[in-house]
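> Okay, predicted coordinates and the sequence, questions at the end:
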Amino acid sequence: MKEGYIANQKDKLKENISNVVESFYQRVGLIQEGSKTEDEDFIQIIYKAHEEWKSAEAFFDNVSDPDLIDHAIYKVEAAKSRYTYLIKKAKEEGIRVNFH
C-alpha cells in the first residue's frame, strides 16, 4: 500500500513540476513578446523623430521671411538633436534602426 502511495506522490510531483515549467515558458514567451512590442514602439518613435527632422529641414529650405529663419534653424537643430539622442538610446538597447 505504501508503494502505491509513493508512486502516486511521485506522479503528482512530476505533474506539478511540469505545470511550473510550462507556466515559466509561457511567462518568458509573454515577456519576449512584450519586449518586441516595446522595441516596435520605440522604432516608431524614432521614425517619427526622423520625419520631424526632415520636415524641419524642408521648412528651413522653404522659409522666405527673415523673421522665421532663426526659428527654422532652431527647429532643424532641435529635431536633429532629438533624433540623434533616440538613435543613441536604440544602440544602447541593441535595437537596430535604418531609415536611409
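Looks like it arrived, so ask away.

> alpha carbons only for contacts and neighbour counts from here, please
Will do.

> For the chain, name the helix or strand with the lowest mean pLDDT.
helix 2-62 (a mean of 74; mean pLDDT, DSSP states H and E).

> what comes up buried for the helix or strand following that one?
Sequence-wise, the next helix or strand downstream of helix 2-62 (DSSP states H and E) is helix 66-93. Neighbour counts over helix 66-93 (16 or more other C-alpha atoms under 10 Å) mark 69, 72-73, 75-76, 79-80, 82-83, 86-87, 90 as buried.

> and those residues as a markdown table, adding distance to D61 and pLDDT?
Formatted as a markdown table, the buried residues of helix 66-93 follow (distance: C-alpha to C-alpha, whole Å; pLDDT from 0 to 100):
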| residue | distance to D61 | pLDDT |
| --- | --- | --- |
| I69 | 10 | 92 |
| A72 | 9 | 92 |
| I73 | 10 | 93 |
| K75 | 12 | 93 |
| V76 | 10 | 94 |
| A79 | 15 | 94 |
| K80 | 15 | 95 |
| R82 | 20 | 95 |
| Y83 | 19 | 93 |
| L86 | 24 | 93 |
| I87 | 24 | 91 |
| A90 | 29 | 90 |
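
> for F42, what are its contacts?
Counting by C-alpha atoms under 8 Å, 6 or more residues apart in numbering, F42 touches A90.

> ignore the last one, I73
With C-alpha under 8 Å, 6+ apart, I73 has these contacts: F60.

> how far away is it from E15?
Distance check for I73 against E15: by C-alpha to C-alpha, to the nearest Å, it reads 67 Å.

> before we move on, what about I45?
Counting by C-alpha to C-alpha, the gap from I45 to E15 is 45 Å.

> Repeat that for T37.
Distance from T37 to E15, by C-alpha to C-alpha: 33 Å.
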